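Novice: got a predicted model here, sequence first, then my questions.
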Amino acid sequence: MIKIKAALYKGKREIEIVDIPKPVPKTGEVLVKIKYTGICGSDLEAYETGLYPVPVVMGHEASGVIEEVGPEVKIRGIKPGRRVSIDSSISCGKCNFCKRGYTNLCLDEINALGIFKNGGFAEYISVPASSCVVVPDSIPDKFCTVFDQIGTGLFAMREANFMVGQSAVVVGLGTIGQFQMQLLKLSGASKLIVVEKNQFRLDIVKKFNPDMALNKINLGKIKGKITNRLGADFVFECTGVPGVINATSTIIGRGGTIVQVGLCDKPFEIMLLPFILNHNRIQCVIGFLRRDFEYAVDLVANKLIDPEPIVTKIISLDDIVEEGFERALDPEVQDIKIIVEP
């Protein structure tokens, strides 16, 4: 039996580099030799809290080259040698949510890569051929892990009904927040304000020329920048921090929408009265749809979205704990997206 190297998640703050059997593609699957896999905020949450079932190889932001095609794979363009990014949102296509178009809410969660099935923090991964999106040669390998995060931003804007000419505040400038800002700029936000306490991340986003960049939520400055001091039409909350979520009530305008993108797994009290009196909507979003993922590829290929300043560090699989997870959890970290090369 051929063995490959993998980072095995074993629970709260426990990841071990181990040898596991090299996967063999089943019917309808392909074997992908991993080039890069990104460390996602949800991976960090699982590492810090023990959220995922164990043991499992995490890593759902995976990319690489198809090495072998399993039986009955008849998808055009899916063949050995093709560079692909893996859409980890594998869905059954049969449940009520899939039939309604919300494949991100598929009831068949057992297929989730990096959570219930082994993911991309390994040398190889076997995945359904239908989950592979061919990447054009114009996109560098190191950018092939970001389509998930760009897709999340696209999905969030669509679900929230964001339109050209509306104002927005993005709170939290991790990978998703950084791309959310670029997408809002591209989509014609009238005023665009960003908030992030990490100075390194704040300096990075300034390259994309927001109307205002703040290191904390400042009611006076934000409302003063927005027409008639009425507050923002949208706040995209990308931190998942309870105190920050509550603070959005001070900067959202009447009739505005809070878009909750950041994950929060801790119970907390929320003062709903300001939201109620101002007729606000709180729109939570999770994941993305396939069309968002594919459009993200097009945006990067056409240089409309720029991942270059966002992908800040490449590490080896052997260094995934100290240089990856532990480093990324440091609130003062001088990185945004850390990707892993087996």
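Specialist: Here it is on my side, so go on. Numbering: from 1, shown residues only.
Novice: residues in contact with Asn278?
Specialist: 249, 252-256 (CB atoms under 8 Å, 6 or more residues apart in numbering). Quick note: C-beta positions are derived from backbone N, CA and C, even for glycine.
Novice: gap between Leu289 and Lys3?
Specialist: 36 Å (CB to CB, to the nearest Å).
Novice: which of the two has more neighbours?
Specialist: More neighbours surround Leu289 than the other of Leu289 and Lys3, with 20 against 11 (other CB atoms under 10 Å).
Novice: and that one, what does it touch?
Specialist: Contacts of Leu289 (CB under 8 Å, 6+ apart): 89, 101-104, 151, 155.
Novice: looking at those, state which has the most neighbours.
Specialist: Using other CB under 10 Å as the neighbour criterion, Gly151 leads the contacts of Leu289 with 26 neighbours.
Novice: go ahead and confirm it touches Tyr295.
Specialist: Yes: counting by CB atoms under 8 Å, Tyr295 is a contact partner of Gly151 at 7.4 Å.
Novice: would you mind measuring from Pro80 to Ile39?
Specialist: 28 Å.
Novice: tell me which of the two has more neighbours.
Specialist: Neighbours were counted for Pro80 and for Ile39 using other CB under 10 Å; Ile39 has more, 26 against 11.
Novice: excluding chain neighbours, what is closest to the more buried one?
Specialist: Excluding the flanking residues, the one nearest Ile39 by CB to CB, 6 or more residues apart in numbering is Ile338, at 4.9 Å.
Novice: before we move on, which element is that neighbour in?
Specialist: strand 337-341 (DSSP states H and E).
Novice: OK, contacts around the residue nearest to Ile39?
Specialist: Counted by CB under 8 Å, 6+ apart, Ile338 has contacts 38-39, 312-315, 323-324, 327-328.
Novice: who does it bridge with?
Specialist: As for beta bridges, Ile338 partners with Lys313 under DSSP bridges.
Novice: distance-wise, check it relative to Gly151.
Specialist: From Ile338 to Gly151 the distance is 19 Å (CB to CB).
Novice: wait, is Ile258 part of a strand?
Specialist: Yes: assessed with DSSP: H, G, I helix; E, B strand; the rest coil, Ile258 lies in a strand.
Novice: mind listing what it touches?
Specialist: With CB under 8 Å, 6+ apart, Ile258 has these contacts: 234-235, 237, 248, 252, 275, 280-283.
Novice: re the thing from before, which of the contacts of Ile338 fall within strands?
Specialist: 38, 312-315 (DSSP state E).
Novice: out of those, who's the most crowded?
Specialist: The member of the ones in strands among the contacts of Ile338 surrounded by the most neighbours (other CB under 10 Å) is Gly38, with 24 neighbours in all.
Novice: same for the helix-or-strand element of the chain with minimal mean pLDDT, what does it pack against?
Specialist: One helix or strand of the chain scores below all others by mean pLDDT, DSSP states H and E: helix 219-225, with a mean of 76. Contact here means 3 or more CB pairs under 8 Å, 6 or more residues apart in numbering; DSSP states H and E; on that basis helix 219-225 packs against strand 212-214.
Novice: swap in 10 Å and give it another go.
Specialist: When contacts are defined as 3 or more CB pairs under 10 Å, 6 or more residues apart in numbering; DSSP states H and E, helix 219-225 packs onto strand 192-195, strand 212-214, strand 232-237.
Novice: how far off centre is that helix?
Specialist: Centroid displacement of helix 219-225 relative to its chain, using CA atoms, centre = their mean, to the nearest Å, is 29 Å.
Novice: then that helix to PDB, C-alphas only?
Specialist: The C-alpha trace of helix 219-225 is given here as PDB (Å, rounded to 0.1, in the frame of the first residue of the first chain):
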ATOM      1  CA  LEU A 219     -19.500  56.300  14.800                       C
ATOM      2  CA  GLY A 220     -18.800  60.000  14.100                       C
ATOM      3  CA  LYS A 221     -16.200  59.400  11.400                       C
ATOM      4  CA  ILE A 222     -18.200  56.800   9.600                       C
ATOM      5  CA  LYS A 223     -21.500  58.700   9.600                       C
ATOM      6  CA  GLY A 224     -19.700  61.900   8.700                       C
ATOM      7  CA  LYS A 225     -18.300  60.200   5.600                       C
END
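Novice: hey, where'd the helices end up in this protein?
Specialist: Along the chain, counting by DSSP state H, helices occupy 41-49, 96-99, 147-160, 175-186, 199-205, 219-225, 242-247, 273-277, 290-301, 327-328.
Novice: which one of those lies nearest to Pro25?
Specialist: Closest approach to Pro25 among the helices of the chain is made by helix 290-301 (20.8 Å; CB to CB).
Novice: pLDDT of that closest one, averaged?
Specialist: Throughout helix 290-301, pLDDT has a mean value of 98.
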